[in-house]
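*Asks:* any chance you can model this:
(one chain, ligands or ions: 1)
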Amino acid sequence: MQNNILVINCGSSSLKFSLMNPINGQVILSGLAECLLSPDAVITIKHHEEKEKSNLTSPFDHQVAINFLVSYLAKHQLKESVYAIGHRVVHGGEQYSQPTLINADVKQSIDQLSKLAPLHNPANLQGINAAEQAFSQIPQIAIFDTAFHQTMPEKAYIYGLPYKFYQDHGIRKYGFHGTSHYFVSKEAAKMINKPVEQCNFISAHLGNGCSVTAIKQGCSVDTSLGLTPLEGVMMGTRSGDVDPGVIFHLVEQLGYSLNEVNNILNKKSGLLGVSQLSNDCRTIEEAAEKGNKQATLALSIFSYRIAKSIASFSCNFQSLDGLIFTGGIGENSMLIRSLILSQLSLLNFNEDKTANEHMRFGKQGNISKNSSTPCWVIPTNEEWVIAEQTFQLLEQEH
Ligand code: ADP
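*Replies:* Okay, the predicted model is just below:
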């Protein structure tokens, strides 16, 4: 197969990659470079069910990681099979609602959009630059995490702030996890044998980051994440919605600096902040089971806020085809799913306990009782969407 797509998801100190067949989603090789920019930098490559871990050499950066990957691909006669590279790019602002062939102008826009995603876009750009160096003849495509939400109506994305902040500075809700919400909505449509353009869903992507999206006739019409990935439901370490007055209180009354508040809201809050234990849902579930009160409280706030978000998005619909759970927690935690559904009986969601217990570790299906509105667990596959959209864009251009 000469039409494989190399999918790259670059973070500030990590680089995730997979080489995929874009037609059927088969993963030929995948891996992760971690602890980049430090002497601990390592790369793990999974190929033919075997994992190979290697130390990276100085300067331990994204370029070193990509060069290592290229040598590996060449050694295993896979380099020639790379047809194109698909990059996950977090923020596409209002300019990008479609997969986009990367050129100098696009890179400049991604750079300018770093204002809106200072932690993510610069890292994504580093991945693009490193891949360009290593694969100079191969097209590079950007798939934006915000793109799917560009169909939201103004009433959903304009904040109740002076309008000039939107006009002059682009301050509005953008939403993230778009690739995941798009993927699971297409999968859910297949399950009910209906064109996705005729389907109404609410999807909950629950991982370390969490978001809920209202999908009307196949398009995002509202989503819980905002200008940044801090808005909405409570997450692993992010607070989600708080009264903005809390920020002034922390700064003016308690003497925290803005940097400290930023760090608290993004890295010290959420499941971690409330449980005082961990941001990992499994650890908190185990502690709650043993009677830890903070853990129980964290799970109860987490699930209530998600249920509330789902219920609030129901105002977009006359009828709903179903609710979708995805992401590490959505795909695996029967407890969280059960807690959420138990608060949504007014929307006719009623958990089928046996199905809920069964639907874990990669299994896909309905966990709601027959007479109820369906609620599916659907494992997400953002890499496949990136590979597929990259391939489709290039095929259209030929
Ligand atoms: P990310 O947003 O970093 O991609 P994931 O989608 O991998 O994160 O989700 C990570 C979360 O999923 C963690 O909170 C983890 O505890 C949770 N998770 C994974 N497996 C289970 C499980 N079996 N039960 C409960 N939570 C789980």
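
*Asks:* excluding its backbone neighbours, what's nearest residue 114?
*Replies:* Sequence neighbours aside, residue 121 is the residue nearest to residue 114 in space, at 4.2 Å (criterion: Cβ to Cβ, 6 or more residues apart in numbering). Quick note: C-beta positions are derived from backbone N, CA and C, even for glycine.

*Asks:* give the contact list for that neighbour.
*Replies:* By Cβ atoms under 8 Å, 6 or more residues apart in numbering, residue 121 lies in contact with 89-91, 110-111, 113-114.

*Asks:* surely residue 149 and residue 223 touch.
*Replies:* Yes - contact criterion Cβ atoms under 8 Å: residue 149 and residue 223 qualify, at 5.2 Å.

*Asks:* can you list residues touching both of these two?
*Replies:* Contact criterion Cβ under 8 Å, 6+ apart; residues shared by residue 149 and residue 223: 173, 175-176, 213.

*Asks:* among those, which lie within strands?
*Replies:* If you go by DSSP state E, those have residue 213 in strands.

*Asks:* neighbour-wise, give me the winner out of the shared contacts of residue 149 and residue 223.
*Replies:* Neighbour counts for the shared contacts of residue 149 and residue 223 (other Cβ atoms under 10 Å) peak at residue 213, which has 30 neighbours.

*Asks:* pull the contacting residues for it.
*Replies:* When contacts are counted by Cβ under 8 Å, 6+ apart, residue 213 touches 149, 175, 177, 181, 202-203, 205, 220, 222-224, 313.

*Asks:* tabulate those residues in TSV, adding columns for secondary structure.
*Replies:* Output for the contacts of residue 213, formatted as TSV (DSSP: H, G, I helix; E, B strand; the rest coil):
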residue	secondary structure
149	helix
175	coil
177	coil
181	helix
202	strand
203	strand
205	strand
220	strand
222	strand
223	strand
224	coil
313	helix
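
*Asks:* now do the helices in the stretch 1-150 of the chain.
*Replies:* For the stretch 1-150 of the chain, the helices defined by DSSP state H, counting those that start in this stretch occupy 62-75, 104-112, 121-134.

*Asks:* JSON lines please, covering those helices and showing mean pLDDT.
*Replies:* Shown next, in JSON lines, are these (pLDDT from 0 to 100):
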{"stretch": "helix 62-75", "mean pLDDT": "93"}
{"stretch": "helix 104-112", "mean pLDDT": "96"}
{"stretch": "helix 121-134", "mean pLDDT": "92"}
